[in-house]
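Student: generate a structure from the sequence data that follows.
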Amino acid sequence: MEAKIKVLIAKPGLDGHEAGARLIARVLVNAGMEVIYSGPRQSAEMIVNTAIDEDVDIIGLSILSGIHKEASLSVLNLLKEKGAEDISVIVGGIIPVKDIPEMKKAGVKGVFGPGTNTNHVVEAIKQIVAN
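Tutor: Numbers count the residues shown, from 1 in each chain. Sure, this is the predicted structure:
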């Protein structure tokens, strides 16, 4: 039996709007993935520690507050510092298109904005984890 993809959904910063994060968590569970939802108001350190402790394959950051670049870079840097670069990072939320190339150059594997088809997110995660 193939191991389930294990995903951490996290909301960095002070943003408390959880509807999107909860929706994508449910979609991923329905797609057969194991999902840990860490809840709102998480620091980069809390997110990375949870990801390592739970041995996840991928972190999905849900960001609506405008801290998408800072939060994703902090998480990526901490993963590197802790020797956990094998954990991929994706970001969903309100992300200006102009910021996406910089985020991807830094190591974010996928960026998903409002209205993204959830099947696309599921397939992207499968592809990212497979590579």
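Student: CA only for contacts and neighbour counts going forward, please
Tutor: Fine.
Student: what ranges of this structure fall below the confidence cut-off?
Tutor: For the chain, the stretches with pLDDT under 70 are 1-2.
Student: run a quick neighbour tally on the residue nearest to residue 27 when sequence neighbours are not counted.
Tutor: Computed as C-alpha to C-alpha, 6 or more residues apart in numbering, the closest residue to residue 27 that is not its neighbour in sequence is residue 118, at 7.1 Å. Around residue 118 there are 14 other residues, counting by other C-alpha atoms under 10 Å.
Student: cool, and residue 115?
Tutor: Close neighbours of residue 115, defined as other C-alpha under 10 Å, add up to 7.
Student: what does residue 106 give?
Tutor: 14.
Student: that one and residue 12, how far apart?
Tutor: 18 Å (C-alpha to C-alpha, to the nearest Å).
Student: quick one, phi/psi of residue 65?
Tutor: With angles defined as degrees, to the nearest 10, residue 65 sits at phi -100, psi 0.
Student: let me see the contact set for it.
Tutor: 13-15, 94 (C-alpha atoms under 8 Å, 6 or more residues apart in numbering).
Student: most neighbours among these, which one?
Tutor: Going by other C-alpha under 10 Å, residue 13 tops those with 20 neighbours.
Student: residues in contact with it?
Tutor: Neighbouring residues of residue 13 by C-alpha under 8 Å, 6+ apart: 40-43, 65, 67, 71.
Student: which of the residues you listed are buried? Put it as a PyMOL command.
Tutor: Remark: buried members of the contacts of residue 13, expressed as a PyMOL selection using 16 or more other C-alpha atoms under 10 Å:
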select buried, resi 40+42+43+65+67+71
